[in-house]
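A.B. asks: what would the 3D arrangement of this be:
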Amino acid sequence: MHSFTGSSLRSFPFIGHLLAAFIIAYGSITATYAADTVNINTASIEVLAEELVGVGPELAKRIVDFRERYGEFKSIEALGDVRGIGPSLLTKNQGKIVIE
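C.D. replies: Next comes the predicted model:
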């Protein structure tokens, strides 16, 4: 069985490029996934305002204030207890809002 050493890896310079491409691709995939969902129990005001449709800085602040006052949201529907959030906003962000 052949084991790769530093000198034998120099014989295959593409491995370094392949590894770098994999790392970049993995980072892009995880960044894209992270941007696809918003955890309403941990997201900052800025993230809520930027990532959720129909949520600006004022409403995002209300979400964070509500969370700090009453604790973590137990369900996505519980977000509707925040003044200014109704079924329409929840529908617009369906699949994007998560609780973890």
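
A.B. asks: those helices in this protein, which residues are they?
C.D. replies: Assigned by DSSP state H, the chain shows helices spanning 6-9, 14-36, 45-51, 57-70, 87-92.

A.B. asks: which residues are contacting the third one?
C.D. replies: Just to be clear, that refers to helix 45-51. Helix 45-51 is contacted by residues 35, 38, 40, 43, 55-57, 59-61, 63-64, 96 when judged by CB atoms under 8 Å, 6 or more residues apart in numbering. Using the backbone N, CA and C atoms, a C-beta is placed for each residue, glycine as well.

A.B. asks: tell me who's in contact with the residue nearest to residue 74 when sequence neighbours are not counted.
C.D. replies: Nearest residue to residue 74 in three dimensions, chain neighbours excluded: residue 99, at 7.5 Å (CB to CB, 6 or more residues apart in numbering). Contacts for residue 99 (CB under 8 Å, 6+ apart) come out as 39, 40, 41, 72, 73, 74, 75, 76.

A.B. asks: against residue 94, how distant is residue 75?
C.D. replies: 13 Å (CB to CB, to the nearest Å).

A.B. asks: for residue 36, see how far away the closest residue to residue 86 other than its chain neighbours is.
C.D. replies: Closest residue in space to residue 86, ignoring its immediate chain neighbours: residue 80 at 6.5 Å, by CB to CB, 6+ apart. Using CB to CB, we find residue 80 at a distance of 22 Å from residue 36.

A.B. asks: okay, those two: which has more neighbours?
C.D. replies: In terms of neighbours (other CB atoms under 10 Å), residue 80 is the more surrounded of residue 80 and residue 36; the figures are 14 against 11.

A.B. asks: domains for this protein, by residue range?
C.D. replies: Under the assignment automatic domain parsing, the domains of the chain span 7-36, 37-98.

A.B. asks: least reliable of these going by mean pLDDT?
C.D. replies: Least confident of the domains of the chain, judged by mean pLDDT, is domain 7-36 with a mean of 53.
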